[in-house]
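**Student:** here's my sequence, what's the structure:
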Amino acid sequence: PVNRFCAASNNRTGFLCDDRVTCVPASQVCDRISNCRNGEDEQEELCGDLPRNLPGHLVFRCSNPTFWVYADQRCNGINDCGDCSDEMGSSAACPLCGSEWWSCSPVLYEYCSCVPRRLCRDGIQHCRSWSDEYIC
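**Tutor:** Coordinates of the predicted model:
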């Protein structure tokens, strides 16, 4: 088997195409859009039984074993697993909120422990403490 691991933009996990140059972000594999010249990121033997047929490096298992997300969705600030295990869980091992994020206990379940700074002082409560409107 060919090693398909590569690092896409922002150092995110990716899928290496046959040309050994193109690195497709994990979440763009099996999305019905060919990103590799020969379409190997959309082939049936890869995409026919998700996530079972995907290389392990492309998959992150949520704490609820029936759910999974693409590896590049781990630590992206969004609650992709639905229980925040891709953002806060021990297996996710995410760094603290980056410079583009404000750390708080979010009101919206879309976020887990940080909200985007672009939402600060927008007149809408995103943190339980309202810190996104008064401090951020």
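
**Student:** how about the strands in this structure?
**Tutor:** 5-7, 13-16, 23-25, 59-61, 68-70, 101-103, 114-116 (DSSP state E).

**Student:** ranking these by burial, who's on top?
**Tutor:** strand 13-16 (a mean of 24; mean count of other C-beta atoms under 10 Å). Just so you know, the C-beta spots here come from the backbone N, C-alpha and C atoms, and that holds for glycine as well.

**Student:** ok so, going back, identify whichever of the strands of the chain lies nearest to residue 44.
**Tutor:** Ranking those by proximity to residue 44 (C-beta to C-beta) places strand 13-16 first, at 15.4 Å.

**Student:** ok, that closest one: who's next to it in the sheet?
**Tutor:** Using DSSP bridges, strand 13-16 pairs in its sheet with strand 5-7 (antiparallel), strand 23-25 (antiparallel).
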